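test case, fold it:
(one chain, ligands or ions: 1)
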Amino acid sequence: MREKLVAGNWKMHGNQAENKSLLNAVVAGVAELRGKDIAVCAPYPYLSLVQTMLRDTNIVWGAQNVSQYDKGAYTGEISAAMLKDFDCSYVIVGHSERRALYNEDSHTVALKYVAVQREGMVPILCVGETLEQRESGITEKIISEQLDAVMNMAGGASLGKAVIAYEPVWAIGTGKTATPQQAQEVHEFIRARVAIQNAEEADNLVILYGGSVKANNAAELFNMPDIDGGLIGGASLVATEFISICQALQN
Ligand SMILES: O=C[C@H](O)COP(=O)(O)O
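Numbering: from 1, shown residues only. Model (predicted):
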């Protein structure tokens with residue numbers, strides 16, 4: 001039985017005061033949801049703050065990126081071991097903003113994925129197509145390439161302890177959500193693709209949907225058979241919205 005998960009991705013937003021007030025509200029608002037998997041992925045400078053504020057709560061925290069290297073002369077980079085040192089649970093890898101704005105290719109994403117798993121954390125691997133790719137009918141080809149880079153990684157990246165987030169690029173921050181049916185179709189494809197290599201892992205794999213999830217559409221999305229929760233951007237910055245989205249896990 002797969003556990004559903006809601007993970008907030010704060011992206012590059014917030015400051016100490018705003019983060020404290022957001023977390024205070026969210027912690028109180030989801031306290032009754034003990035047993036549900038809830039995470040927030042904060043910007044690096046706030047890792048310590050988030051770690052401290054979430055101690056003894058039912059929310060875990062994650063990071064939004066990681067270096068593919070273990071250690072060394074990589075100015076400005078943050079290693080998986082450093083994140084683990086702050087009790088990080090999840091690390092987003094391959095977000096479309098990083099693929100598009102920082103030229104992260106699927107091979108680099110796969111190296112990051114492996115680095116996260118090596119430290120015992122759970123990677124949230126983002127995959128998804130642009131509008132142009134969808135309209136050209138190559139959504140499945142794009143997703144397959146992004147998945148295969150990880151599945152075919154030498155040394156064997158496991159999809160056993162991982163989360164996949166399907167994030168159609170055209171739905172991110174646009175207010176244009178994929179319909180539950182559109183999302184379900186791709187989620188089902190992802191699970192089937194993973195099942196070719198390992199049916200049990202595919203069955204247990206948590207696949208999140210991300211892209212303009214709000215309080216008013218979360219339940220409908222999360223009720224689809226292959227949608228196991230959400231990766232939430234903008235709405236994770238608004239306590240009432242994020243709490244309602246977490247509550248939608250119960251339906
Ligand atoms: O990581 C989160 C996604 O990019 C979705 O962002 P959004 O909810 O603001 O559309």
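
report the buried residues of the host helix or strand of Glu145.
Counting by DSSP states H and E, the element that carries Glu145 is helix 139-151. If you call a residue buried by 16 or more other CB atoms under 10 Å, then helix 139-151 has these buried ones: 139, 142-144, 146-147, 149-151. All C-beta atoms are positioned from the backbone trio N, CA, C, and that covers glycine.

around the ligand, pick out the residues from the stretch 151-251 of the chain.
167, 172-173, 210-213, 231-235 (CB under 6 Å from any ligand atom).

mind giving me TSV with the residues you listed and columns for secondary structure, pLDDT and neighbour count?
Listed next are these as TSV, based on DSSP: H, G, I helix; E, B strand; the rest coil; pLDDT from 0 to 100; neighbours: other CB atoms under 10 Å:
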residue	secondary structure	pLDDT	neighbour count
Glu167	coil	97	28
Ile172	coil	89	20
Gly173	coil	85	12
Gly210	coil	97	27
Gly211	coil	96	26
Ser212	coil	93	21
Val213	coil	96	29
Leu231	strand	98	28
Ile232	strand	98	28
Gly233	coil	97	22
Gly234	helix	97	18
Ala235	helix	98	20
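
look up phi and psi at the residue of the stretch 1-150 of the chain found nearest the ligand.
Closest to the ligand within the stretch 1-150 of the chain is Asn9: 3.6 Å, counting by CB to the nearest ligand atom. With angles defined as degrees, to the nearest 10, Asn9 sits at phi -110, psi 100.

skipping adjacent residues, who's closest to the closest residue to the ligand within the stretch 101-250 of the chain in space?
The minimum distance from the stretch 101-250 of the chain to the ligand, using CB to the nearest ligand atom, falls at Gly233 (2.3 Å). Spatial nearest neighbour of Gly233, chain neighbours left out: Asn9 (5.3 Å); criterion: CB to CB, 6 or more residues apart in numbering.

correct me if wrong: that neighbour contacts Ser96.
No: in this structure, Asn9 is not within contact of Ser96 by CB atoms under 8 Å, at 11.4 Å.

more neighbours: which of these two?
Asn9 (26 against 22; other CB atoms under 10 Å).

list the contacts for that one?
41, 64, 92, 95, 210, 231-233, 236 (CB atoms under 8 Å, 6 or more residues apart in numbering).
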